[in-house]
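*Asks:* the following comprises the amino acid sequence and a computationally predicted model.
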Amino acid sequence: MIQAKSSFGKWPEASCASKNENRRLEGFYEEQPIVKEVSVGNMVNVAIRKFPDAANIVLHLETDIPGDVVVHWGVCRDDAKTWEIPAVPYPPETVVFRNKALRTLLQPTGNGSRAFFTLDEKLDGFLFVLKLDDNSWVNFQGNDFYIPLSSARSVKGQSNSESEETSGKAHADGIINEIRNLISGLNSEKSLQTKVKEAKESILNEIEKLAAEAYSIFRSSTPSYPEEDSDADDAEPTINISSGTGSGFEILCQVFNWESNKSGRWYMELKEKASEISSLGFTVIWLPTPTESVSPEGYMPKDLYNLNSRYGTIDELKDHVKSLHGVGLKVLGDVVLNHRCAHYQNQNGIWNIFGGRLNWDGRAVVGDDPHFQGRGNKSSGDNFHAAPNIDHSQDFVRKDLIEWLCWLREEIGYDGCRLDFVRGFWGGYVKDYLDASEPYFAVGEYWDSLSYTYGEMDHNQDAHRQRIVDWINATNGTAGAFDVTTKGILHSALERREYWRLSDQKGKPPGVVGWWPSCAVTFIENHDTGSTQGHWRFPGGKEMQGYAYILTHPGTPAVFYDHIVSHHRSEIGALISLRNRNKIHCRSIVEIVKAERDVYAATIDDRVAMKIGPGYYEPPSGPQIWSLALEGYDYKVWEASS
């Protein structure tokens, strides 16, 4: 949501609690050492557990390797690791191979595939290798994968492994705290004055090593099991590291526009499209704000716990979230924390008394909002003048909002959140909320005007992206932010045929994605900028150039609902498929090879080459052989075939 159509003029900068808020942190946000050192691959995850009063062990094998994956497996009874075929039962799609092993086709899950194996507890180990659909094999450094069955965990009681799991979580928490301490040290004024470039790069490298270790723990955490395996009360605890920025491979879809509330049954209409949306390759779905609201679109919330809205009832919302989870999609709720509409007037006739479960009074409203006679402290950001602005410095407000966010996670099943109008309050409060609610993915809407001189957009937009980066940093990186800088630069580049704008002074992408790609959510349109609001509509007829850019580049790309139900659907789906099969992720490496008046071209991870604009570009022949994969109006994308 935006404040008004006039919001594209100069807005005052947020008056955050820190006096150093406008200080630039360019050295940290280049992130080049991090990008160059990240190693990203597919996951093979195995978990085993023992049920009480049973002689069997259940082994769960899961992978995110795309396509058909066959596990070639057997068991052994001693340290010699001699393969043999176990007794039945076997998973579905299992066949005997030469009377020495079994082959099982893993079952698709939406983001990969998996299988469950029931094994005798007297066996020593589980042996396997993976066979992919291109007739290649995956093993462990030339040997078979070996899983000792003696490490099976009981689902009841305080076992040693349970203690180890708690220790693992504590270790992960320690890693995260160490990362944050390093970031804080790097960003302090004293550090910026005294640390030379080499010292900064050393800190960044250390952060990346710690992040990789935390990520490996996240990837190896115990998966969930089907309901038939055990009672809910018997479910074992899992390690849960929630950075708020997902796995790095997210592709977001906003599945509503400004008019979606008018049907009165939007949740049920979307439920019918869940499988269709998943099949396009999206991983995260952004749903509209669910709260009872003065405005039908939901962005003027009243009783936060009343989720019967113009989009449907709370039961329909729960049912829809469950259907999205059923096809492997994560779900973001759209939450408005900056302001809240009152239920009652105070003694002066001012609307600042709230009803419902959170029955706040004027103490919950900031004291410097001239319209609502708040009795709280001064705002930590910009006021939204259409409704009472909430004072997040109040302990009772933060406590209530944390409880509400946790309730949304537990009761509704949201995996994360999109945060509305975050310019209105300090990012440090967002950190508190996300630390407590532990979202899988979170993204904030920090939207203000880009830099213009005499009506023409400046080439250098560092000040604009710095303000977004400062907000992300205030959250300690627990949330990403929409890359408004990139959207604005794409507007001018495509409208005016000035593709040179897509490279900054250092040859990097000029938006947030060029400084902090893992926290940049790139987009070309949303319910505010497009749809029937049209506050900042993307250049008409050039939408696919925009998608060719964001779906091949690092960052987390977001696709707008109106575009996937239009004639762009098949082209967008093809770009998503290309992104997924080439494993492009939020920190992929971009090399800009051309940024001229009529053409922009780049290679990504040495696996994908692309160009947008009417000008000429073909990737040169060399060690790689490039094949044209996609082509549309003023864009082309190639893949490396060798």
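*Replies:* Here it is on my side, so go on.

*Asks:* would you map the helices across the stretch 251-400 of the chain?
*Replies:* Listed from the start of the chain, the stretch 251-400 of the chain has helices (DSSP state H, counting those that start in this stretch) covering 266-271, 274-279, 314-326, 395-407.

*Asks:* could you identify which of these is most buried?
*Replies:* helix 266-271 (a mean of 20; mean count of other Cβ atoms under 10 Å). Every C-beta, even on glycine, is put in place using the N, C-alpha and C of the backbone.

*Asks:* any idea how far it is from the chain center?
*Replies:* Its chain's C-alpha centre and that of helix 266-271 lie 23 Å apart, by Cα atoms, centre = their mean, to the nearest Å.

*Asks:* residues in contact with that helix?
*Replies:* With contact meaning Cβ atoms under 8 Å, 6 or more residues apart in numbering, helix 266-271 is reached by 255-256, 260, 263, 287-288, 310-312, 316-317, 319-320, 323.

*Asks:* same list (the helices of the stretch 251-400 of the chain) but as a markdown table, adding distance to Ser150 and mean pLDDT.
*Replies:* Converted to a markdown table, the helices of the stretch 251-400 of the chain look like this (distance: least, Cβ to Cβ, whole Å; pLDDT from 0 to 100):
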| stretch | distance to Ser150 | mean pLDDT |
| --- | --- | --- |
| helix 266-271 | 45 | 96 |
| helix 274-279 | 38 | 94 |
| helix 314-326 | 34 | 97 |
| helix 395-407 | 37 | 98 |
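
*Asks:* out of these, the one nearest Ile589 is which?
*Replies:* Among those, the nearest to Ile589 by Cβ to Cβ is helix 274-279 (28.5 Å).

*Asks:* what's that closest one packed up against?
*Replies:* Other elements packing on helix 274-279 under the criterion 3 or more Cβ pairs under 8 Å, 6 or more residues apart in numbering; DSSP states H and E are helix 314-326.

*Asks:* just to revisit the earlier point, can you say which two of the contacts of helix 266-271 are spatially most distant?
*Replies:* Between any two of those (Cβ to Cβ), the greatest distance is 19.9 Å, for Arg310 and Ser323.

*Asks:* tally of neighbours for Val46?
*Replies:* The burial count assigned to Val46 is 16, neighbours taken as other Cβ atoms under 10 Å.

*Asks:* after the helix or strand hosting it comes which helix or strand?
*Replies:* Using DSSP states H and E, the element containing Val46 is strand 44-50. If you walk from strand 44-50 toward the C-terminus, the next helix or strand you reach (DSSP H and E) is strand 56-63.

*Asks:* could you pull out the buried residues of whichever helix or strand comes after that following strand?
*Replies:* Secondary structure here is assigned by DSSP H and E; on that basis, the next helix or strand after strand 56-63 toward the C-terminus is strand 69-76. Under the neighbour-count criterion of 16 or more other Cβ atoms under 10 Å, strand 69-76 has 69-76 buried.

*Asks:* packing partners of the strand holding Val46?
*Replies:* Using 3+ Cβ pairs under 8 Å, 6+ apart as the contact test, the elements touching strand 44-50 are strand 56-63, strand 125-132, strand 145-148, strand 153-154.

*Asks:* which one of the ones you listed lies nearest to Val336?
*Replies:* Minimum separation from Val336 across these (Cβ to Cβ) falls at strand 56-63, 36.1 Å.

*Asks:* list the neighbouring strands of the closest one plus their orientation.
*Replies:* Here strand 56-63 is paired, per DSSP bridges, with strand 44-50 (antiparallel), strand 113-120 (antiparallel).

*Asks:* mean pLDDT lowest for which of those strands?
*Replies:* Among the strands paired with strand 56-63, strand 44-50 carries the lowest mean pLDDT, a mean of 81.

*Asks:* distance between it and the chain's centre?
*Replies:* 26 Å.

*Asks:* now the angle from it to strand 125-132?
*Replies:* If you take axes from the mean of the first three to the mean of the last three Cα atoms, to 10 degrees, strand 44-50 sits at 150 degrees to strand 125-132.

*Asks:* please export the C-alpha coordinates of strand 44-50 as PDB.
*Replies:* Once side chains and other backbone atoms are set aside, the C-alpha atoms of strand 44-50 remain, and they are given as PDB (Å, rounded to 0.1, in the frame of the first residue of the first chain):
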ATOM      1  CA  VAL A  44      19.700 -34.900  -0.200                       C
ATOM      2  CA  ASN A  45      18.200 -35.100   3.300                       C
ATOM      3  CA  VAL A  46      17.800 -38.400   5.300                       C
ATOM      4  CA  ALA A  47      16.100 -38.700   8.700                       C
ATOM      5  CA  ILE A  48      15.400 -41.900  10.700                       C
ATOM      6  CA  ARG A  49      13.400 -42.500  13.800                       C
ATOM      7  CA  LYS A  50      12.200 -45.400  16.000                       C
END
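
*Asks:* list the buried residues in that strand.
*Replies:* Residues 44-50 are the ones in strand 44-50 that count as buried (16+ other Cβ under 10 Å).

*Asks:* nearest residue to Leu575 in space, please, no chain neighbours.
*Replies:* In space, not counting the residues next to it along the chain, Leu575 is nearest to Leu551; the distance is 4.1 Å by Cβ to Cβ, 6 or more residues apart in numbering.

*Asks:* Gln533 in helix, strand or coil?
*Replies:* Reduced to three states with DSSP: H, G, I helix; E, B strand; the rest coil, the structure at Gln533 is coil.

*Asks:* so for it, what's the nearest residue that isn't a sequence neighbour?
*Replies:* Ranked by Cβ to Cβ, 6+ apart and with sequence neighbours excluded, the top spatial neighbour of Gln533 is Trp258, at 5.0 Å.

*Asks:* could you measure from that neighbour over to Glu297?
*Replies:* Counting by Cβ to Cβ, to the nearest Å, the separation of Trp258 from Glu297 is 6 Å.

*Asks:* which of the two has more neighbours?
*Replies:* Taking neighbours as other Cβ under 10 Å, Trp258 and Glu297 compare with Glu297 leading, 23 against 19.

*Asks:* show me where pLDDT drops low in this structure?
*Replies:* For the chain, the stretches flagged by pLDDT under 70 are 1-41, 51-55, 110-111, 133-135, 151-243, 642.

*Asks:* and if we set it to 50?
*Replies:* Scanning the chain for pLDDT under 50 picks out 2-40, 155-169, 171, 184-198, 200-201, 205, 208-209, 212-242.

*Asks:* so Val331 makes contact with Arg409?
*Replies:* No - the pair formed by Val331 and Arg409 falls short of the contact definition of Cβ atoms under 8 Å, at 10.4 Å.

*Asks:* quick check: neighbours shared by these two?
*Replies:* If you check Val331 and Arg409 against Cβ under 8 Å, 6+ apart, the residues they both contact are Asp415.

*Asks:* who has more neighbours out of these two?
*Replies:* Each of Val331 and Arg409 had its neighbours counted (other Cβ under 10 Å), and the higher figure belongs to Val331 (24 against 20).

*Asks:* please name the bridge partners of the more buried one.
*Replies:* Ile285.

*Asks:* which ones are touching Gln394?
*Replies:* The neighbourhood of Gln394, defined by Cβ under 8 Å, 6+ apart, consists of 363-364, 376-377.

*Asks:* same check on Leu102?
*Replies:* Residues counted as contacts of Leu102 (Cβ under 8 Å, 6+ apart) are 72-74, 85-86, 90, 94-96.

*Asks:* please apply the same query to Asp420.
*Replies:* Counting by Cβ under 8 Å, 6+ apart, Asp420 touches 1, 289, 299, 334-338, 445.

*Asks:* which one of these is nearest to Asp598?
*Replies:* Of all these, the one with the least separation from Asp598 (Cβ to Cβ) is Glu445, at 32.7 Å.

*Asks:* surely that closest one and Gly424 touch.
*Replies:* No - the pair formed by Glu445 and Gly424 falls short of the contact definition of Cβ under 8 Å, at 10.2 Å.

*Asks:* what distance do you get for the residue nearest to Gln533 to Leu287?
*Replies:* Relative to Leu287, Trp258 is positioned 15 Å away (Cβ to Cβ).

*Asks:* same question, Pro66
*Replies:* For Pro66, the distance to Leu287 (Cβ to Cβ) stands at 26 Å.

*Asks:* out of these two, which sits in the more crowded spot?
*Replies:* Set side by side, Pro66 and Leu287 show more neighbours around Leu287, with 24 against 18, by other Cβ under 10 Å.

*Asks:* sounds good, over and out.
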